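J.: No letters, just coordinates:
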C-alpha cells in the first residue's frame, strides 16, 4: 500500500451514453481524518443506473456529479484510521461515498457490517437496490395472491429482489430481461414464473400479452422505452405502476413521449415514482428482514464484479447498455487483516 | 300529461364530436312498475363529460351506451307510481337513470331527497360531480396549507368543488377556465386565488408558470390536452395528479402522446386515476358534509340549464365543446303537487 489516493473524477458531462474520455483518473495524497471522521480503504464500489442521471446538468433527487469532483457512489470499506471512538481499524463499514481508493467520512454516516453474509451484499441485495425493491413493493405495488406482477430488468439488482418479493406475496411473476442467459437465470435461479428475453422476441407486446393472459396488476418499471410501451396497455383495473427507473432512456437527449394518461382514470391506475431514500428507515428494516433469507439461501442474488477502480468507467458504460449480468460492482481492493 | 314515454336513444357511435344525427327521439307506451319497482317522471337529467366515453365501442369503467338503447344519465324524478312500500307518489327521488321522460327503477337504487336545498343540486354539487371532487381531493390530492393546487375546468361541476375544497384545506388555488366570464366567476364567486383564461393567453405554459411561482403540488385534471402539457412540467417534488378526466381529448380518434414518465421518479410524482363509484360510501358522506354548506351559502355552485328532453343531444354537444357554464342540466319537466 502506498500513500496516494486514486480518484475518478467527472471530466465532462456526457450527452447520450457516457464515453471513457468523460472520466479522469487523478492521484493525490492520502487524506487524514478530522475530528469525528473515519478514513476507509475502499473494498467495493457499487455501480447503479441512477449514476447516469447524476451526470446530467439538471438537478434531480440525487446529488449532481460535479465536473472535476470524484464521481459519487456507495462503497464498502475497511477502516484504516478513525477519529470517531465508535470505529477501529480493520472494521468493515458501509456509508462512505465516492469513486475513490480511500474515503474520509463522518462516523455518523457509517454502519459497521455484521458478520454472516458477504460485505458486497450490503451494496446490492441488502443495500440500496434491495431496499429500493422492498420500498416499491411495500408502498406502491402491494401485490396480492394471484395477481400478475411484471418486472423489467428482472435479473438486475432491483428487479431480482422485486420479483422474489412478489413471489413471496403469492403473485404470479413475469420477468423481462435482455438475453437468454439472464432469462434462464430469472426463471431457474430466481424462481419467477416466466421471463421474456426482449432481445429474442420479434413482437414484445404480443409476447408479454401471451405471458400475461390475465393482464398486469403491478408493473415494476426499471427500464422504460419499448418495455413500458408493451406493458402499459396490459395494465388491469386498479393496476399499480411502480416507477423506479427508466434506464433505457437515460441516454436520450430528447425525452420520448409517454403513454396517454386517459388510462389512469379509465382503469384507475396509480403511477407512482419513489426513491429509496424517501423512507430512510427502510434500509435497516430491509436488512433485518432479508439478511436471514440471504444466509439461508432463500433470497437469491447475483453479482457482476469488475476488478480495479480504474475499470469503473468502462463497467458503468457496460451497465448502461445492459451488458452487466447481476448487481454491478467494482472490487477496488481486498480486505486485509487488521 | 299523456300516456307516452319519450326516450333519446343512441343511433350511431360518433367518431370525434357527436352530431345530432347520432341520437334519435323515440316514443313508446308508459311502462308499469313491477314488484319492488318505482315509476318516476323525470324532472332533471344530468349531462356529464363521461357520457362521451360511454358512447365509444370500447368498454371502460362506465356502462357502455348501446345502439338503439336509451342514453344513460343520472336523473332527479318525481314518483308517479310505486310497488315498493318505501316510496309514494309525489316524492322527489334520485337514482333513476336514462334520457327518458319516465323511468322504472328498482326501489333499492332510489334515495328520497331531503328538503332544504334545490333537488337539482343532487345531480351536481351534492351529487356525482361534487362527490367526485371530494373523493379526488380526499384520497389523492390531500392538499396541505400553503401548497399550490391547480384545477382545470375550474368553473365546471367537478372543478368548482375541487377548488373550493382545496381552499378550505388552506391551499393556494389556481383555476384554469375557458373564457373571461368563467374565469371571473372562478375568481369572484368561487374564491380561487386566481384563474387563467386559457382562451385569452397566447402562451399557456408561461401564464401558468407565472401564476404558480412555487410550482404545482396538486393538479386536478379534468381536461388533458394543452392544459396537461402546461401543468406537467411544473409539478413539484411529491406532487399529486388527480386524474379525473381529460375532456379535451374525448373526441380524439387517435390518442395523443402523454408526458414522459421519468418525471414520476425524478420528482416522486403520484399520478392516480379514480372514479366516484370506487367508494360508494362517499356519496352519503359528501352529501352530509356539504348540504349545510350549500344551505348557508359557503359552497358555491352554478348550473347551466337547458329546457326539454329533446334538447339534450344539443346540450351534450355544447358541453363537450366547453360551451356550458356551470353544471349542465336538462330540465325535463316541472315537479307537480302530488
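T.: Arrived safely, thanks for sending. Keep in mind the model is a prediction, meaning the values are calculated, not measured.
J.: all strands for the stretch 201-338 of chain A, in order.
T.: Using DSSP state E, counting those that start in this stretch, the strands of the stretch 201-338 of chain A run over A:216-221, A:235-243, A:270-273, A:303-307, A:327-331.
J.: for those strands, which one ends up most surrounded?
T.: strand A:216-221 (a mean of 28; mean count of other CB atoms under 10 Å in any protein chain shown). Bear in mind the C-beta positions are built from the backbone N, C-alpha and C, glycine included.
J.: between it and strand A:235-243, how big is the angle?
T.: Angle, strand A:216-221 to strand A:235-243, by axes from the mean of the first three to the mean of the last three CA atoms, to 10 degrees: 20 degrees.
J.: For strand A:216-221, name the packing helices and strands.
T.: Counting contacts by 3 or more CB pairs under 8 Å, 6 or more residues apart in numbering or on different chains; DSSP states H and E, strand A:216-221 packs against strand A:148-152, helix A:157-168, helix A:225-231, strand A:235-243.
J.: Quick one: mean pLDDT for it?
T.: The average pLDDT for strand A:216-221 rounds to 98.
J.: now do stretch A:68-76
T.: Rounded mean pLDDT across stretch A:68-76 is 95.
J.: what's it in contact with?
T.: A:7-11, A:23, A:40, A:42-48, A:51, A:54, A:63, A:65, A:92-94, A:96-100, A:103, A:113, A:119-120, A:122-123, A:127-128, A:312, A:332 (CB atoms under 8 Å, 6 or more residues apart in numbering or on different chains).
J.: And it, how far out from the chain middle?
T.: Stretch A:68-76 sits 15 Å away from the centroid of its parent chain (CA atoms, centre = their mean, to the nearest Å).
J.: Same check on stretch A:79-91?
T.: Distance, centroid of stretch A:79-91 to centroid of chain: 28 Å (CA atoms, centre = their mean).
J.: which parts of it are buried?
T.: A:79, A:80, A:81, A:82, A:84, A:87, A:91 (16 or more other CB atoms under 10 Å in any protein chain shown).
J.: residues contacting the third one?
T.: Residues in contact with residue A:81 (CB under 8 Å, 6+ apart) are A:32, A:33, A:38, A:39, A:89.
J.: OK, contacts around the last one?
T.: Right, residue A:89. A:79, A:80, A:81, A:82, A:338.
J.: Can you check the pLDDT for it?
T.: We have a pLDDT of 97 for residue A:89.
J.: any idea how far the spatially closest residue to residue A:142 that is not a sequence neighbour is from residue B:271?
T.: Nearest residue to residue A:142 in three dimensions, chain neighbours excluded: residue A:240, at 7.0 Å (CB to CB, 6 or more residues apart in numbering or on different chains). Residue A:240 sits 11 Å away from residue B:271, going by CB to CB, to the nearest Å.
J.: If residue A:82 is in a bridge, with which residues?
T.: residue A:38 (DSSP bridges).
J.: Just the buried subset of the contacts of stretch A:68-76, please.
T.: For the contacts of stretch A:68-76, buried by 16+ other CB under 10 Å: A:7-11, A:23, A:40, A:42-48, A:51, A:54, A:65, A:92-94, A:96-100, A:103, A:113, A:119-120, A:122-123, A:127-128, A:312, A:332.
J.: which one of the strands of the stretch 201-338 of chain A lies closest to residue B:231?
T.: In terms of CB to CB, the element of the strands of the stretch 201-338 of chain A nearest to residue B:231 is strand A:270-273, at 15.4 Å.
J.: Quick one: distance of that closest one to the chain centre.
T.: The answer for strand A:270-273 is 19 Å, by CA atoms, centre = their mean.
J.: Could you do stretch A:231-238 as well?
T.: The answer for stretch A:231-238 is 25 Å, by CA atoms, centre = their mean.
J.: what residues does chain A put near chain B?
T.: A:53, A:60-61, A:221, A:224, A:228, A:237, A:241, A:243-246, A:249, A:255-275, A:278 (CB under 8 Å from any CB of the partner chain).
J.: just the buried members of these?
T.: The buried subset of the residues of chain A next to chain B - by 16+ other CB under 10 Å - is A:53, A:60-61, A:221, A:224, A:228, A:241, A:243-246, A:249, A:256, A:258-275.
J.: Check which helix or strand the residue nearest to residue A:279 when sequence neighbours are not counted maps to.
T.: Spatial nearest neighbour of residue A:279, excluding adjacent residues (CB to CB, 6+ apart): residue A:135 at 6.0 Å. Assigned by DSSP states H and E, residue A:135 falls within helix A:128-136.
J.: Show me what that helix is packed against.
T.: helix A:157-168, helix A:281-296.
J.: need the contact list for the residue positioned nearest the centre of chain A.
T.: Residue closest to the average C-alpha location in chain A (CA atoms, centre = their mean): residue A:129, at 4.0 Å. Contacts for residue A:129 (CB under 8 Å, 6+ apart) come out as A:48, A:123, A:156, A:157, A:158, A:161, A:327.
J.: what do you get for residue A:16?
T.: Contact analysis of residue A:16 by CB under 8 Å, 6+ apart lists A:251, A:252, A:253.
J.: quick revisit: tabulate the helices and strands packed on strand A:216-221 (JSON lines), appending mean pLDDT and distance to residue B:300.
T.: Listed next are these as JSON lines, based on pLDDT from 0 to 100; distance: least, CB to CB, whole Å:
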{"stretch": "strand A:148-152", "mean pLDDT": "98", "distance to residue B:300": "45"}
{"stretch": "helix A:157-168", "mean pLDDT": "97", "distance to residue B:300": "47"}
{"stretch": "helix A:225-231", "mean pLDDT": "97", "distance to residue B:300": "42"}
{"stretch": "strand A:235-243", "mean pLDDT": "98", "distance to residue B:300": "34"}
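J.: in chain A, which segments are predicted with low confidence?
T.: Applying pLDDT under 70 to chain A picks out residues A:1-2, A:59-62, A:337-338.
J.: quick one, helices of it?
T.: Here chain A has its helices, by DSSP state H, at A:50-54, A:128-136, A:157-168, A:180-184, A:204-211, A:225-231, A:262-266, A:281-296, A:312-320.
J.: got the contact list for residue A:33?
T.: Contacts of residue A:33 (CB under 8 Å, 6+ apart): A:39, A:81, A:82, A:83, A:104.
J.: Now do stretch A:68-83: distance from first to last residue.
T.: 28 Å (CA to CA, to the nearest Å).
J.: Greatest separation within the contacts of residue A:81: which pair is it?
T.: When these are compared pair by pair using CB to CB, the maximum separation belongs to A:32 and A:89, at 14.0 Å.
J.: returning to what we had before: just give me the closest of the contacts of residue A:33 to chain B.
T.: Set against chain B, the nearest of the contacts of residue A:33 by CB to the nearest CB is residue A:104 (30.2 Å).
J.: my guess is the closest one meets residue A:41, correct?
T.: No. Using CB atoms under 8 Å, residue A:104 makes no contact with residue A:41, being 11.3 Å away.
J.: More neighbours: which of those two?
T.: Counting neighbours by other CB atoms under 10 Å in any protein chain shown for residue A:104 and for residue A:41 shows that residue A:41 has the greater number, 24 against 20.
J.: From residue A:127, how far off is that one?
T.: According to CB to CB, residue A:41 and residue A:127 sit 19 Å apart.
J.: go on, residue A:101?
T.: Counting by CB to CB, the gap from residue A:101 to residue A:127 is 20 Å.
J.: swap in residue A:36?
T.: Between residue A:36 and residue A:127 the computed distance is 24 Å (CB to CB).
J.: Now do the helix holding residue A:135 against helix A:281-296: the angle between them, please.
T.: 110 degrees.
J.: For chain B, what's its nearest residue on the stretch 101-250 of chain A.
T.: Counting by CB to the nearest CB, the stretch 101-250 of chain A gets nearest chain B through residue A:243, at 3.9 Å.
J.: which residues does residue A:94 contact?
T.: Residues A:74, A:75, A:76, A:77, A:110, A:111, A:113, A:119, A:122, A:123, A:127 are the ones in contact with residue A:94 under the rule CB under 8 Å, 6+ apart.
J.: Spell out which residues are contacts of both of residue A:240 and residue B:271.
T.: Common neighbours of residue A:240 and residue B:271 (criterion: CB under 8 Å, 6+ apart): A:269, A:270, A:272.
J.: Alright, calling it a day.
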